[in-house]
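**Q** could you look at this predicted model? Sequence included:
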Amino acid sequence: MIPNNPNKVNQDAFILVPNMNNCNFRHYFGVCDGHGQNGREVSNFLKMRLPVLMAKGIGGNASNIPEAFRTSYISTNTELDHQSFDPSLSGSTCCTLIFNGTRVTCGNAGDSRAIKVGFPESRAFLDVEALSIDHKPDLPEETERILKAGGRIDAFRDPYNGGEMIGPMRVWLKHQDLPGLAMSRSIGDKVAQSVGVSPIPEVKEFLISP
């Protein structure tokens with residue numbers, strides 16, 4: 001809900017696939033936070049295609065899971081070029097996980113975050129651990145990639161207050177004030193990807209207690 005835009009649609013989508021590859025110990029789920037004019041279409045496309053490509057990438061071999069994250073994200077990003085909607089200035093974050101027995105693998109592109117919450121018996125507070133990092137343009141390794149690709153990193157500038165910075169750092173074309181993307185990785189956002197925004201997920205693996 002946005003007070004000054006009551007007609008704005010929800011551009012979020014979720015993924016929930018139990019028993020992937022017919023394995024009763026393998027479950028795939030995640031969130032996609034769309035943005036831009038066609039963000040809803042992008043996030044719903046991810047919901048439809050990513051599980052199919054993940055399952056295909058894994059096949060019958062669990063050791064394929066980390067690479068399946070990378071190939072499925074990249075392939076889905078490429079397939080967006082052939083849809084009826086325009087992903088030039090629209091895209092989606094994508095944070096997904098696979099539970100495979102006692103191993104969790106997380107793939108993340110963007111600034112949606114996966115967390116692990118524990119319920120310790122001997123303490124009054126929950127244990128909360130981040131399983132992914134938010135991909136922001138001002139992270140050093142993200143900054144380096146974007147600048148090498150010819151992008152520009154800056155915040156919005158207030159034209160009525162001496163160019164004072166407003167809000168988070170964003171990715172821009174070198175000589176144009178667009179797209180102004182507030183993350184350094186996403187699926188879609190083809191204009192931003194031309195200056196270093198990446199659809200490639202950061203993949204991490206964790207062990208959990210049975």
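**A** Sure thing, it's come through.
**Q** mind checking how far stretch 188-195 is from the chain centre?
**A** 14 Å (Cα atoms, centre = their mean, to the nearest Å).
**Q** now stretch 117-124
**A** Worked out by Cα atoms, centre = their mean, stretch 117-124 lies 29 Å from the chain centre.
**Q** buried sites along the longest helix along the chain?
**A** Secondary structure of the chain per DSSP state H: the longest helix is helix 39-58. Buried residues in helix 39-58, defined by neighbour count with 16 or more other Cβ atoms under 10 Å: 39-47, 50-51, 53-55, 57-58. Where C-beta positions appear, they are placed from N, C-alpha and C, glycine not excepted.
**Q** same check on stretch 121-134?
**A** In stretch 121-134, counting by 16+ other Cβ under 10 Å, buried: 131-132, 134.
**Q** returning to what we had before: what's the following helix or strand after the longest helix of the chain?
**A** helix 65-79 (DSSP states H and E).
**Q** average pLDDT for that following helix?
**A** Mean pLDDT, helix 65-79: 98.
**Q** show residues contacting the longest helix of the chain.
**A** Residues outside helix 39-58 that contact it (Cβ atoms under 8 Å, 6 or more residues apart in numbering): 9-15, 17, 20-21, 28, 30, 32-34, 36, 64-65, 67-69, 71-73, 75-76, 79-80, 83, 85, 87, 90-92, 94, 96, 98, 187-188.
**Q** and for stretch 144-154?
**A** Outside stretch 144-154, the residues that reach it (Cβ under 8 Å, 6+ apart) are 137-138, 143, 165, 169-174, 184, 192, 194-198.
**Q** which of these are buried? Put it as a PyMOL command.
**A** Those of the contacts of stretch 144-154 that count as buried under 16+ other Cβ under 10 Å are selected in PyMOL with:
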select buried, resi 137+143+169+170+171+172+173+184+192+195+196+197+198
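**Q** so who does residue 136 touch?
**A** 111, 142, 168-169, 182-184.
**Q** could you redo the last one with a cut-off of 10 Å?
**A** 110-111, 142-143, 153, 168-171, 182-185 (Cβ atoms under 10 Å, 6 or more residues apart in numbering).
**Q** ok, now residue 133?
**A** So residue 133 contacts 108, 111, 113-114, 139, 142, 202, 204 (Cβ under 10 Å, 6+ apart).
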